[in-house]
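J.: Structure of the sequence below:
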Amino acid sequence: MTKANSSEIIVSAFDTPRHHPNMAERRKGQPVLSNDEVARWETATLRVQHIAGSARLSKAEVSRRIGINNAKLNQWYDGEYPGDFITATDDVEKWINSVDAMADLQGTIPNAPTYVATPTAKEIEATLLFAQTMPEMVVITTGAGVGKTVACERFRNQSPHVHLVTMRPNTKNVFGMLSEIGRTVGVRRTNSADYDRAIGERLQRIGNKPLLIIDEAQNLTDEAVDELRFFLDQYKCGIALVGNDEIYTRFHAQTGPSYAQIKRRIGKRLKRMKPLAGDVSALIQAWGIEDDDQIKILTMIGSKPGALGQISKTLQLAGMYAAGGGRAITAADIQSAYQNRSVDA
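T.: Predicted coordinates:
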């Protein structure tokens, strides 16, 4: 077998151990292991091999997750570790047990639908398509849990030349914003002198009708948002400002020359602070819920802050309760999960 770098992610990162840990020439004065201790080592090496192979983990990544030195792990695995062999086995077994425990827990949690074509999601995607096609600057404002980020991600994944960039408080200024956009489109600079031009030229090279979706745009300063006009005006790149109510208020209610420059370029606004009834029913249907009592509770949950996200999180917790009892989810499970999450606290 060809020797591989320990940092490579390969299914065969762990091969069959080469030595038995009781070989006299290897023990270097350490106590000989009992048959039970050798059996523990053998079982642990097989489990490490299986876990690493299934998850495509390198030896270096496994050692990091266990919390022991990479060289020590390799020596222990090959039956050649000259130190405290039993303690090393203990450390490996703790990691194996935690992996198994997490897998068992994960097996009780139902998977949430990755994407649901709710009426609001369709509106968001239509607005993004408008921004890309024209091109235009659009503002999409939604409340928490309405599904804006999932809709934006799907549009990015389904459409060519669309770039989704998420802003944070520490990327609020012009250079911070340009750095995030540049990282997404493959442009790096150490100063902002020509950063915007380099990004714009890159956008032009990689495709016709580019679109920049700026998620969590409320984190940007007015100067950073104003900088986005450059990509629209000079490079015909559609811009979608996506965020909470703050971004809508800033570029709808605020007045002044700088705001006017941006406001006159906004071709479309979409504001949806609460989910539509059709959004809630579409998600409940996607979860496969048909019981009237369950639907009633979930519809109520969908009207609370967090909206659609609360429905999925509550159903996942309810699924754990139901799995523990060896039964399907009940209305009582949903009610208990909602109360235990302390959503209204």
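J.: where do the strands sit along this protein?
T.: For the chain, strands defined by DSSP state E occupy the ranges 137-142, 162-166, 211-215, 238-243, 266-272.
J.: Which stretch among those approaches residue 22 most closely?
T.: Nearest to residue 22 among these is strand 162-166 (54.5 Å), distances taken as Cβ to Cβ. The C-beta positions use only the backbone N, C-alpha and C, and glycine is treated the same way.
J.: for the closest one, what is the average pLDDT?
T.: The pLDDT scores in strand 162-166 average 97.
J.: Render the CA-only coordinates of that strand in PDB, please.
T.: Extracted C-alpha coordinates of strand 162-166, given in PDB (Å, rounded to 0.1, in the frame of the first residue of the first chain):
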ATOM      1  CA  VAL A 162     -24.800  34.100  -7.900                       C
ATOM      2  CA  HIS A 163     -22.700  34.800  -4.900                       C
ATOM      3  CA  LEU A 164     -24.000  34.700  -1.300                       C
ATOM      4  CA  VAL A 165     -22.100  36.700   1.300                       C
ATOM      5  CA  THR A 166     -23.100  36.900   4.900                       C
END
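J.: in its sheet, what does it sit against?
T.: The strands beside strand 162-166 in its sheet (DSSP bridges) come out as strand 211-215 (parallel).
J.: what does the partner strand contact?
T.: Contact with strand 211-215 is made by 128, 131-132, 135, 148-149, 152, 155-156, 159, 161-167, 177, 181, 203, 220, 228, 231, 237-243, as judged by Cβ atoms under 8 Å, 6 or more residues apart in numbering.
J.: Buried members of those residues into PyMOL, please.
T.: Listed next is the PyMOL selection for buried residues among those, using 16 or more other Cβ atoms under 10 Å:
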select buried, resi 128+131+132+135+148+149+152+155+156+161+162+163+164+165+166+167+177+181+203+220+228+231+237+238+239+240+241+242+243
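J.: about what we covered before: export the strands of the chain as JSON lines, with columns for distance to residue 280.
T.: JSON lines is the format used below for the strands of the chain (distance: least, Cβ to Cβ, whole Å):
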{"stretch": "strand 137-142", "distance to residue 280": "14"}
{"stretch": "strand 162-166", "distance to residue 280": "25"}
{"stretch": "strand 211-215", "distance to residue 280": "23"}
{"stretch": "strand 238-243", "distance to residue 280": "21"}
{"stretch": "strand 266-272", "distance to residue 280": "13"}
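J.: between these, which gets nearest to residue 56?
T.: Going by Cβ to Cβ, the one of the strands of the chain nearest residue 56 is strand 162-166, 26.1 Å.
J.: From what I see, residue 78 and residue 19 are in contact.
T.: Yes - in this structure, residue 78 is within contact of residue 19 by Cβ atoms under 8 Å, at 5.9 Å.
J.: okay, these two: which has more neighbours?
T.: A count of neighbours by other Cβ atoms under 10 Å puts residue 78 above the other of residue 78 and residue 19, at 17 against 12.
J.: got a pLDDT number for the more buried one?
T.: Note for residue 78: predicted pLDDT of 88.
J.: same deal with residue 326?
T.: For residue 326, the model assigns a pLDDT of 87.
J.: For residue 108, see how far away it is.
T.: From residue 326 across to residue 108, the span is 11 Å (Cβ to Cβ, to the nearest Å).
J.: Next: residue 204.
T.: 50 Å.
J.: Check residue 41 too.
T.: Per Cβ to Cβ, residue 41 is found 31 Å from residue 108.
J.: more crowded one of those two?
T.: residue 41 (25 against 13).
J.: Okay, the more buried one and residue 55: tell me how far apart.
T.: For residue 41 relative to residue 55 (Cβ to Cβ), the value is 21 Å.
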